[in-house]
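sequence below, structure please.
(one chain, ligands or ions: 1)
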Amino acid sequence: MKKGLVFSLLIIALLALFSVKIGCLAEGSAIKEVSVTPNEEVKQGETVFIRIKTSDELRDPVFSYKNKKYKIFKTGENEYTGLLGINTLEKPGKYKIYMSDQNGNLKDKAYISVIAKDHPKQYITVTKGMAGLRATAHELRQIGRAKYTLTDIKLRAEPPYNSPADGCIISEFGVRRYYNGEFSGNYHKGVDIKAPTGEPVRSITDGKVIFADDTFRLHGASVAVDHGQGLTSLYIHLSKVDVKEGDIVKADQKIGEVGMTGFATGPHLHWGLYVNGTPVDPMQGWIKPVNLCK
Ligand SMILES: [Zn+2]
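Residues are numbered from 1 along each chain as shown. Below you'll find the model as predicted:
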């Protein structure tokens, strides 16, 4: 019995020694795990999640896509995450993502295949009277600022989140707009959720209010929320605003009410989601499914 016990202890000690060695080996080596999802087929307007697990310290990690650099954030012990929003007008094809850091511990590349997504078309007849419906310089400035807000701290949980309003989708993301029969290059940069005036509008996840403004001419009363690490959301055409700039909001917290202020033909919530300034389809991986209106 005693001999058996000594033998077992010896085995345990050997195993412990062995695992330490494995640990030592891993220390000097580079990346353990790099995942880019999705990568095989990424639809136009979709969000790509870059996740890195490494025992090495990464200093100011970034990824580059089409000659532009984007930050990769530390999201946990030995964990880093980056978000890439694929422009809905991106040309289908194969693209390279290159990841690097200042310490030279990250030198990895991945490829994604962007595929075309069918988008409905919307034909709009533009009349002279519509010129008055243009956005003011103030609202364009505010929205521009909100889209490109970049906070290092993660202010959110992992998706999928709840829909920001109860209702059905009356206009999808990416609808191509044709003005007087010609494609304008303009497309729908969010989803429209049809709901009665006064219906609560909730922040999809935790965040900080970038602006809450009821003076916009085109967008109407609007709220923008920063969810951290390059993710921001916009809530437009509100009848009531419940928050103010700088407020910290929680997931599902009411921030306003559905309305039809600004350029809207009926009460609905226009909700836009931006990844590092790129409008993305919120229905692709960000929230739980919502029915289309019948
Ligand atoms: Zn809309």
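
so how many other residues sit close to residue 50?
Per other Cβ atoms under 10 Å, the neighbour tally for residue 50 reads 23. In this view, the C-beta of every residue, glycine as well, is placed from N, C-alpha and C.

tally of neighbours for the closest residue to the ion within the chain?
Closest residue of the chain to the ion, Cβ to the ion: residue 270 (3.4 Å). Residues near residue 270, counting by other Cβ under 10 Å, number 22.

skipping its backbone neighbours, what lies nearest it in space?
Spatial nearest neighbour of residue 270, chain neighbours left out: residue 236 (4.0 Å); criterion: Cβ to Cβ, 6 or more residues apart in numbering.

try residue 200
Distance criterion Cβ to Cβ, 6+ apart; nearest residue to residue 200, sequence neighbours excluded, is residue 254 at 4.7 Å.

show me what the helix or strand where residue 186 lies is packed against.
Using DSSP states H and E, residue 186 sits in strand 182-187. If you count contacts as 3 or more Cβ pairs under 8 Å, 6 or more residues apart in numbering; DSSP states H and E, strand 182-187 packs onto strand 176-179.

can you list the buried residues in the strand it packs on?
By 16 or more other Cβ atoms under 10 Å, the buried positions in strand 176-179 come out as residue 176.

who's the residue of the chain closest to the ion bridged to?
When bridges are called by DSSP bridges, residue 270 pairs up with residue 192, residue 236.

my guess is it contacts residue 237. True?
Yes. In this structure, residue 270 is within contact of residue 237 by Cβ atoms under 8 Å, at 5.5 Å.

what touches both of those two?
Listed as contacting both residue 270 and residue 237 by Cβ atoms under 8 Å, 6 or more residues apart in numbering are 219, 264.

partners of the strand holding residue 186 in the sheet?
Strand 182-187 sits in its sheet next to strand 176-179 (antiparallel), going by DSSP bridges.

what's the offset of the strand it pairs with from the middle of its chain?
Strand 176-179 has its C-alpha centroid displaced from the chain centroid by 25 Å (Cα atoms, centre = their mean, to the nearest Å).

and what of stretch 192-202?
Offset of stretch 192-202 from its chain centre (Cα atoms, centre = their mean): 22 Å.

quick check on the closest residue to residue 58 other than its chain neighbours: phi, psi?
The shortest distance from residue 58 to any residue other than its chain neighbours is 4.3 Å, reached at residue 101 (Cβ to Cβ, 6+ apart). Main-chain torsions, residue 101, degrees, to the nearest 10: phi -150, psi 170.

what's the burial count for residue 101?
What residue 101 shows, counting by other Cβ under 10 Å, is a neighbour count of 19.

just checking, it touches residue 61?
Yes. Assessed by Cβ under 8 Å, residue 101 is found in contact with residue 61 at 4.1 Å.

where do the contact lists of the two overlap?
With Cβ under 8 Å, 6+ apart, residue 101 and residue 61 have common neighbours residue 72.

what residues does this protein have near the ion?
When proximity is defined as Cβ under 5 Å from the ion, the chain approaches the ion at 192, 270.

same thing but 6 Å
Within the chain, the residues that sit near the ion (Cβ under 6 Å from the ion) are 171, 188, 190, 192, 270.
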